[in-house]
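Student: coords please:
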Amino acid sequence: MTPPGLVIAAPRSSSGKTTLALGLMRAFRRRKINVAAFKCGPDYIDPAFHEAATGRRGVNLDSWAMSPELLRALAEEASAGADLVLCEGLMGLFDGVPAPEGRTGSTADIAAAFGWPVLLVLDVSGQSQSAGAAALGCKMFDPRVRVAGVTINRVGSDRHKRLAIEAIARAALPVLGALPRSAEIVLPERHLGLVQASETSDLDAALDRLADFIEAHIDLDAIRALAQPTPIAGRPIALSPPPAHRIAVARDAAFSFLYPHLEQAWRRAGAEISYFSPLADEAPPADCDFCWLPGGYPELHAGRLAAATNFIHGVRRFAERKPVHGECGGYMVLGRGLIDADGVGHEMIGLLGLVSSFAARRMTLGYREATLLADNPLGRKGARYRGHEFHYATVIEPGGDEPFAEVADAYGSPPASAGGRRGLVTGSFFHLIAPCEDW
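Tutor: Sure thing, here's the model as predicted:
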């Protein structure tokens, strides 16, 4: 049995889910309530903010990429010892991909799987009584999901607030708070979402201001009373063997997009993880057996990375005898060159042949299923994994390497070759979430 839980969701993106979620997490923590935080879907950035707000590691729950057994195991493990579960949704409450019910990747899938009621966030800017129709539609759309209450956001005046609340009452839903428009309660963003928690200056003070704002306008006691426990009966799940016993992982402002559940699974299986910072010109530790360059924002630090000769030569020496893998940003840095947003080219490690460009920006976003084309530390040839891509870079010179995987999207497109492999080096834009043998 998990602690009582709630899902914080909205009819669409940019409605205020993260503002409410972080404010509630910090406000409850200040009341000595131990909050376990979850994030629906593939998102690296929000869980780090959740950890800062709650003091507990944030965890992703993804109904498309993760099996139901893995979802239950992660939820049970991450909520152990907590008093309350708060799960932040993604996009709109019902937004997902074509898939069987419960496997679409939507926030609604997670709410239904765990029986957590939904606290709906409605952005009422540009409307008043129509907020009632939006609330009623979300309440009635999916019988698996119970919308239990509403908060309204970006309220312009007392009259605006009254009109919206009266309309939502027609949907027989309580309004548990109303957040006024505020230009001050905004977290900085960049092209892949929020500026990372590790880069947000004076984050603790910002979270406390956010909690003050939430406490002034939201009924915390009523929200906690909405939360419901659910039986999970999870069991330990082996995601896949760790790629090596001793793993070197790049970690700094340029390389930070590695899912917490993967690191936890590797450690649980006995692996040792050593972190190093390319931006500090550190090389992967020589006593490690495998080097992982995660995604992140290397395009924002291309000049510093190009000048980090100890890092570059260290990865080259490492790859002479031991495997190296790069995901997304790490894949770009393993290539011959990276062109930044200003059109300036920077020489990268050169262990793969690609040249990528952030000047020729094009957003690539979506779920992916990848099948490995050769044995490597991530798995045997033919092993299948689920994950996603999210980047703005384009490959302007493929470089002629053998492909790393065959990749298909969630919409039935034919599989296409992706990434590259050369010697002991592999990489692609594919972000691994979980193996899919059980699918």
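Student: Skipping adjacent residues, who's closest to R170 in space?
Tutor: Sequence neighbours aside, G132 is the residue nearest to R170 in space, at 5.0 Å (criterion: C-beta to C-beta, 6 or more residues apart in numbering). For glycine as for every other residue, the C-beta is placed from the backbone atoms N, C-alpha and C.
Student: Likewise for A360?
Tutor: Per C-beta to C-beta, 6+ apart, closest to A360 is T394, 4.8 Å.
Student: again with I33
Tutor: Leaving out its chain neighbours, the residue that sits closest to I33 by C-beta to C-beta, 6+ apart is D83, at 4.9 Å.
Student: Report the contact partners of that neighbour.
Tutor: Residues near D83 by C-beta atoms under 8 Å, 6 or more residues apart in numbering: 3, 33-35.
Student: measure it to L226 for me?
Tutor: Using C-beta to C-beta, to the nearest Å, D83 is found at 14 Å from L226.
Student: cool, L207 as well?
Tutor: 23 Å.
Student: Those two: who's more crowded?
Tutor: A direct count of neighbours by other C-beta atoms under 10 Å for L207 and L226 places L207 higher, at 24 against 18.
Student: Just the strands from the stretch 251-400 of the chain, written as ranges.
Tutor: 255-257, 272-276, 290-293, 295-296, 324-327, 337-339, 345-347, 355-357, 364-372, 384-391, 394-397 (DSSP state E, counting those that start in this stretch).
Student: D401 and L354 touch, don't they?
Tutor: Yes. Look at D401 against L354 with C-beta atoms under 8 Å: they come within range, at 7.4 Å.
Student: shared neighbours, the two?
Tutor: With C-beta under 8 Å, 6+ apart, D401 and L354 have common neighbours G420.
Student: neighbour count winner among the two?
Tutor: Between D401 and L354, counted using other C-beta under 10 Å, the more crowded position is L354 (23 against 20).
Student: and the more buried one, what is it in contact with?
Tutor: Each residue near L354 by C-beta under 8 Å, 6+ apart is listed here: 331-332, 335-336, 395, 397-399, 401, 420.
Student: how much space between it and C328?
Tutor: 12 Å.
Student: again, but for R386
Tutor: Taken as C-beta to C-beta, the span from R386 to C328 is 16 Å.
Student: And for A27?
Tutor: Look at A27 and C328: by C-beta to C-beta, they are 34 Å apart.
Student: Tell me which of these two has more neighbours.
Tutor: Neighbours were counted for A27 and for C328 using other C-beta under 10 Å; C328 has more, 26 against 23.
Student: which one is the more buried one nearest to, not counting chain neighbours?
Tutor: Distances taken as C-beta to C-beta, 6+ apart place G295 nearest to C328, at 3.4 Å, with adjacent residues excluded.
Student: Now do that neighbour, the pLDDT please.
Tutor: At G295, the model reports a pLDDT of 95.
Student: On the strand side of things, show who it bridges to.
Tutor: F257 (DSSP bridges).
Student: list the contacts for it?
Tutor: 44, 255-258, 327-330, 391, 431.
Student: Widest-spaced pair of those?
Tutor: L258 and H391 (15.3 Å; C-beta to C-beta).
Student: before we move on, back to that, what about the residue nearest to R170, distance to T18?
Tutor: In terms of C-beta to C-beta, G132 sits 24 Å off from T18.
Student: for M348, same thing?
Tutor: Taken as C-beta to C-beta, the span from M348 to T18 is 33 Å.
Student: Could you grab the helix/strand/coil label for the closest residue to D123 other than its chain neighbours?
Tutor: Nearest non-adjacent residue to D123, counting by C-beta to C-beta, 6+ apart: S15, 4.2 Å away. Secondary structure for S15, judged by DSSP: H, G, I helix; E, B strand; the rest coil, is coil.
Student: In this structure S15 contacts V121, no?
Tutor: Yes. Using C-beta under 8 Å, S15 is in contact with V121, at 5.0 Å.
Student: which residues are in contact with both of the two?
Tutor: N153.
Student: and the spatially most central residue of the chain, what helix or strand is that in?
Tutor: Per C-alpha atoms, centre = their mean, the C-alpha nearest to the average position across the chain is that of D43, at 1.1 Å. Here D43 sits in a region with no helix or strand, counting by DSSP states H and E.
Student: From what I see, D287 and A244 are in contact.
Tutor: No. Look at D287 against A244 with C-beta under 8 Å: they stay out of range, at 11.4 Å.
Student: neighbour-wise, which of these two wins?
Tutor: Between D287 and A244, counted using other C-beta under 10 Å, A244 has the larger neighbour count: 18 against 9.
Student: Flag the shaky bits of the stretch 1-150 of the chain, pLDDT-wise.
Tutor: Low-confidence segments of the stretch 1-150 of the chain (pLDDT under 70): 1.
Student: show me where it has helices.
Tutor: Here the stretch 1-150 of the chain has its helices, by DSSP state H, counting those that start in this stretch, at 17-30, 45-54, 68-79, 107-114, 130-141.
Student: Now render those as JSON lines, adding distance to V315.
Tutor: As requested, the helices of the stretch 1-150 of the chain are exported to JSON lines (distance: least, C-beta to C-beta, whole Å):
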{"stretch": "helix 17-30", "distance to V315": "35"}
{"stretch": "helix 45-54", "distance to V315": "25"}
{"stretch": "helix 68-79", "distance to V315": "32"}
{"stretch": "helix 107-114", "distance to V315": "38"}
{"stretch": "helix 130-141", "distance to V315": "49"}
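Student: wait, which of those helices is closest to L373?
Tutor: Counting by C-beta to C-beta, L373 lies closest to helix 68-79 out of those; the figure is 24.8 Å.
Student: Outline the domain layout of this protein.
Tutor: The chain breaks down by automatic domain parsing into domains covering 5-226, 246-435.
Student: Lovely, talk soon.
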